[in-house]
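Engineer: Just to be clear, the model below is a prediction. Sequence and coordinates:
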Protein chains: 2
Amino acid sequence: MVAPETSAASAAVGGEENISYVDVAIIGAGPAGCMALDVLSRYSDRGLTVRCFDKRTAKLDNGQADGLNSRTLEIFESLGFIEKVQKEGSPMSEINFWNPDPETGRLLRTAKIPDTIPGLSRFQQTILHQARVETHLLEDASDHSQGKIAPERCMLPETLEFDQAASKDTQAYPITLKVRHLSDEESNPTAYTGENGGTRSGLFRSSLLSAAEEEALYKKSDENQIETVKARYLIGCDGAHSWTRRQLGIKMIGDQTNFVWGVLDMIPLTNFPDIRMRCAVHSANAGSVMVIPQPKGLVRLYIQLPIQVKPGEYLDRSQITPDSILSTARKILHPYTLETEHIEWYTGYHIGQRMTESFGRANRIFLAGDACHTHSPKAGQGMNTSMQDTWNLCWKLGSVLTGTAEPNLLETYATEREVVARTLIDFDTQFSRLFSGKPASDTDGEDGVDLKQFKDVFAKSHYFSAGMSIRYGDSLVVGSALSRQHLAPKLPVGERFFSAQVVNQASATADQLTTRIPFTGAWRILVFAGDVAQPAVMERLRRLNVYLDGPESVVSKYTPPDGKRWDVVDVITVHCAERTSLELYDFPQPSIFHPHNYDRIYVDGPSHYHGDGKAYEAYGISKEEGAIVVVRPDQCETLLVFISNVGLIVGLEDTALLDDYFSRFMRPDPQGGYPGSLVKTVSPPDWTQVGTQEVAKTLAVPAVNGAISASTHH
Amino acid sequence: MVAPETSAASAAVGGEENISYVDVAIIGAGPAGCMALDVLSRYSDRGLTVRCFDKRTAKLDNGQADGLNSRTLEIFESLGFIEKVQKEGSPMSEINFWNPDPETGRLLRTAKIPDTIPGLSRFQQTILHQARVETHLLEDASDHSQGKIAPERCMLPETLEFDQAASKDTQAYPITLKVRHLSDEESNPTAYTGENGGTRSGLFRSSLLSAAEEEALYKKSDENQIETVKARYLIGCDGAHSWTRRQLGIKMIGDQTNFVWGVLDMIPLTNFPDIRMRCAVHSANAGSVMVIPQPKGLVRLYIQLPIQVKPGEYLDRSQITPDSILSTARKILHPYTLETEHIEWYTGYHIGQRMTESFGRANRIFLAGDACHTHSPKAGQGMNTSMQDTWNLCWKLGSVLTGTAEPNLLETYATEREVVARTLIDFDTQFSRLFSGKPASDTDGEDGVDLKQFKDVFAKSHYFSAGMSIRYGDSLVVGSALSRQHLAPKLPVGERFFSAQVVNQASATADQLTTRIPFTGAWRILVFAGDVAQPAVMERLRRLNVYLDGPESVVSKYTPPDGKRWDVVDVITVHCAERTSLELYDFPQPSIFHPHNYDRIYVDGPSHYHGDGKAYEAYGISKEEGAIVVVRPDQCETLLVFISNVGLIVGLEDTALLDDYFSRFMRPDPQGGYPGSLVKTVSPPDWTQVGTQEVAKTLAVPAVNGAISASTHH
């Protein structure tokens, strides 16, 4: 849906030598960059082009971030590879708190709590190394682009020019990027290689390095080819020392503390009994340890080091070695033993919380991930928030670039994500202080940390750290003010839509609603139609179908007629009548029951093998009133309205609210859209020729034990 | 564990030219052959060699079998790739019965029943094309053998010699196989290629061809290289016309009917409302149809054709075309419409039930799969039974060839599987008669099929067709007679061990017991220890540990000391005390709690995220008495005994039953085994240095709504 003259220009060599054109350029192939590639890959068959440049020679194979919160796992489900992550990752189940005995100062376990609040999400938080997460995102991006989309490595960005005046022309390429092709050796500094018998150091990527030190790691030579890339949009996913951010002169604002922590990924040999639990250990005098069990027998320890650095200063990094970190960990865990079979990776970091003063420029250049927010890693939020940044941004970019949305949609990236970043920074400031502080005791002054308060903050933060507390405010694209929130009180507009089990009307198979609405770039209109066995309720649905079929509906108007009718706005019906009381052909065609498409009508009711999902109850939707829930491509619920002109509403038809909402940012299809009249419907069965005897609903099967058995048992 | 002098000879070129040696040769890379390769791949790191020859040029990419029963899915879980199959496959949920209205003869839906009995297995039966199933097995075999194990295609077996006298020498290679290397063209007959605009025919593989006709499909030439392969064991997985079986002069015994059925895999355009359900449709006069919904919008129809063939005769196959089959289907489904967008594949078959008179020769040559049993495909048992044949055989072969078991173990393959084959043949005879017969009506004679009886047979067969009715009889390797069955009445010895959820003591993570015991070739001793918080019960477990640690225990005696101590017999404990009332270091080392190994102790109790598995209740095990359950590598439960010398037993210690049982077929390790004394145990924590305050068990976390929230919602 990119206009033909421009899509032809994309990626082709322009008038000047060595200049190429691309819709989206990405700097950095970490979690934020990989997520951006995967989301944008879903638009590649509609002509969107994307390139991603990473200065490093290859992705890292160990260390770095490792925590996936529940919200991230829901996003992976939406992207379609959750089962691979669940298979490889190590689920977290319980947090154990260890604190000094007030009398003797000896360590003892003082509390056990679940890792997150049970029921918050279908997915239990999981530990998996960043490298594996990046691999899954990149494989998925490759699968969805016939292998076209992959990061280009050994590519060091050199200069960035931005023609802000040109950026008003939607067809323009206002961004000019020069990128240096490094050799493998130049982009693979010695800092990368293993030390201490196979143990890799992560220090060279840590907050203990200045931007200048980090830049100096990469060599340059006169032989390097310099490529010029002209881009419509640019995303800087290039980390805490973001080159993109510095080119734009955007500052990070915030504070550092005096605290330095070390990290070890290792195979422990210990008699500490909770080594396979997530643990928060506060010793009386030796500092704190956080224990994170990883897959393959590895365990990560975050260890508070007996080193202090002033804010803004840089440490002598030679103090931080695997041995020095391990020896500190031993003191904290005493009297439990701690030896190791193998140390896989180590690093250190200086605790601070900083946030960018701006998320980009003119809705053409965006910053995402660590380029926007840096903090301590122990709460496991960095990788998650980074991926969720580009998850938020890239469907908007994809929609604008493929012509279904107006560029004003892009404004909402910064407004939505800066609130999240601010909340994260505030949380981490509080959490880090409690974790790094010395436990309060009678002999201490007032500075000691109240360990009961620590546990309470930890427990209360679950909702936040699982990624579940994000509620985007009313905006162009979040219709809180337009919505009739009382129709589904458990689905607050602006939050992520959560799953409930429903049953497919056509196949009787139980399914999670979120697996029915994977990420495709489409909006979803979920029609909770109510008890359609009642003629008046079915009539209400028929009237909605008439609206949706018509040329001015939000489905018809925004959908190009050369694709599927559900490519842009996908309508799914969930009723709550008894499944067997209705036939597929009782439902109106084509907007509600699309001909020969058997994934459109679902039932809230019992299934044969997985119980009853009670979806209406889960969402707080009344079986009488029903509701229409509009869900964004990124699963954010953005509008709640009545089903078309239901009798209870005086005056307004709620389809007008749908029209209003979408018209704020959607672009009508230039070919006139895809009205229902273009769909060939199926003739219902010739009822006069069909048997009329009532169907026996013998759903129950008695348990039969060995009725026909291969037994030779005596 | 193959003796070094022989493992060196394996696969190497011998004294004669062009002769190679292999432990196991397999003819045919269909479902039985691919399962054999995957199971045997788990022994390749212990030196076992295997080759598989298939005369065809490449695996088929559509058509053929498509039904996976619950037991097969459990096996795929054990092999470790179930989630891939679940993601790709189409689950079956409900069967709908359509029959003629007794008065008008018009079709009507008369009953709906669940696809199988809910609760029979964790896995819902699933439809996935044979080609995809073979691919998953082969990818898994490759992953487990560093790419070494893969079928060799375009390889036509030429001669088979068997030196039965030599077969008594376990080190001998009594089988000599000559194999012809065909060219790609020779092994890719025209019958394979698409017809009718992309529709592939399966007729050339069907029961409508004689063995001679099928053989004539493959060309030979003087240029073909002939390779001589000497093998210790041979498995004939070469289908209904098995070349291997014919070389051995083994006959198929059984009957054919007059009935001919057609099969179509297609994307239907229909107003039949149950096209995404499994359906059994009996028309009044036009015959029967079975509907099987497949993934990717495809549907399989099994269609009774208006053609009759006498048993032993062969049909003029030109009568069977996609159009002729479709036109018959239309008549049966009338008045519902049936058009198609695309026909993917079609075939026909002549209904008959035959079974081999022998499953092999001298425990050196084995027949498996369709080479042993042929029947009609509608009950979806062929591919399942074939894979389950080699699932049964190959762990026995692997154990014998790697030196942990005596060759007498191999006798049990035929005794166990011929009962299954017989049951399948009997079931199919009954099922096919009911499916192919004309419905009874007042105007018919006595030959008509009572459709109520049909539904009842269908419903009662669930237990059988899900693969759950198999109970191997008492034998060398099934210790029914030795067992104290009353200890776990819901775990009949000889049946497959089913899963229940338990909680890992070390990580608090809920897990299915079967995921803890994947197929590795190891036996499992599941110790249901009871309430170990009671000192007497823990003492009982300590005494069992003393036995297991000792040099004469079944763990110590059979395990080579150069591997892991759980490589041959793996001990897993499931207790039912409160999880938080015990520490890991309360359990005896090393046979019960193996040092630094955190997947050995489980709890039957509540989990944070997945409820309470109630495993003891599911198995019928008393929390007081407990039980030891011995599970074979293929998940068959084979022995049930008391935990060591419990007071209730007069006389015998039950560990003696363990000793007796294993001594019947296991081979003691020639190096003297791996007693517990060789394991370095972990010193428990220094309890005098550990805090003594009682742990607060604050497991419950209050639901916190937006305690720290990113909300900007007004």
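Structural biologist: All right, it came through fine. As the structure is a computational prediction, the values presented were derived from the model and not from experiment.
Engineer: Tell me which residues of stretch A:287-305 come out buried.
Structural biologist: When burial is assessed from 16 or more other C-beta atoms under 10 Å in any protein chain shown, stretch A:287-305 yields the following buried residues: A:287-295, A:297-305. Bear in mind the C-beta positions are built from the backbone N, C-alpha and C, glycine included.
Engineer: I misspoke; the intended subject was stretch A:570-587.
Structural biologist: A:570-577, A:579-580, A:582-587.
Engineer: can you tell me which of the residues you listed are in strands?
Structural biologist: Counting by DSSP state E, the buried residues of stretch A:570-587 place A:Asp570, A:Val571, A:Ile572, A:Thr573, A:Val574, A:His575 in strands.
Engineer: what's across from the last one in the sheet?
Structural biologist: What it means is A:His575. A:His575 has these beta-bridge partners by DSSP bridges: A:Gly530, A:Val603.
Engineer: so how far is chain B from it?
Structural biologist: 16 Å (C-beta to the nearest C-beta, to the nearest Å).
Engineer: and that residue, what does it touch?
Structural biologist: Applying C-beta atoms under 8 Å, 6 or more residues apart in numbering or on different chains to A:His575 gives the contacts A:Gln505, A:Phe528, A:Ala529, A:Gly530, A:Asp531, A:Val532, A:Leu541, A:Leu582, A:Ile601, A:Tyr602, A:Val603, A:Asp604.
Engineer: what is A:Met666 paired to in the beta sheet?
Structural biologist: Beta-bridge pairing for A:Met666 (DSSP bridges): A:Ala405.
Engineer: count of neighbours near it?
Structural biologist: Counted by other C-beta atoms under 10 Å in any protein chain shown, the residues lying close to A:Met666 total 20.
Engineer: Quick check: it vs B:Thr415, distance?
Structural biologist: For A:Met666, the distance to B:Thr415 equals 69 Å [C-beta to C-beta, to the nearest Å].
Engineer: Okay, buried residues for stretch A:247-256 please.
Structural biologist: A:Gln247, A:Leu248, A:Ile250, A:Met252, A:Gly254, A:Gln256.
Engineer: What parts of the stretch 301-450 of chain A come near chain B?
Structural biologist: When proximity is defined by C-beta under 8 Å from any C-beta of the partner chain, the stretch 301-450 of chain A lies next to chain B at A:His334, A:Pro335, A:Tyr336, A:Thr337, A:Val419, A:Val420, A:Arg422, A:Thr423, A:Asp426, A:Phe427.
Engineer: Give me the nearest residue to the third one, chain neighbours excluded.
Structural biologist: In this structure, A:Tyr336 finds its nearest non-sequential neighbour in A:Phe272, 3.9 Å apart by C-beta to C-beta, 6 or more residues apart in numbering or on different chains.
Engineer: surely that neighbour meets A:Pro335?
Structural biologist: No - using C-beta atoms under 8 Å, A:Phe272 is not in contact with A:Pro335, being 9.8 Å away.
Engineer: from the ones in strands among the buried residues of stretch A:570-587, which single one is nearest A:Tyr609?
Structural biologist: Using C-beta to C-beta, A:Val574 is the member of those that sits closest to A:Tyr609, with 19.1 Å.
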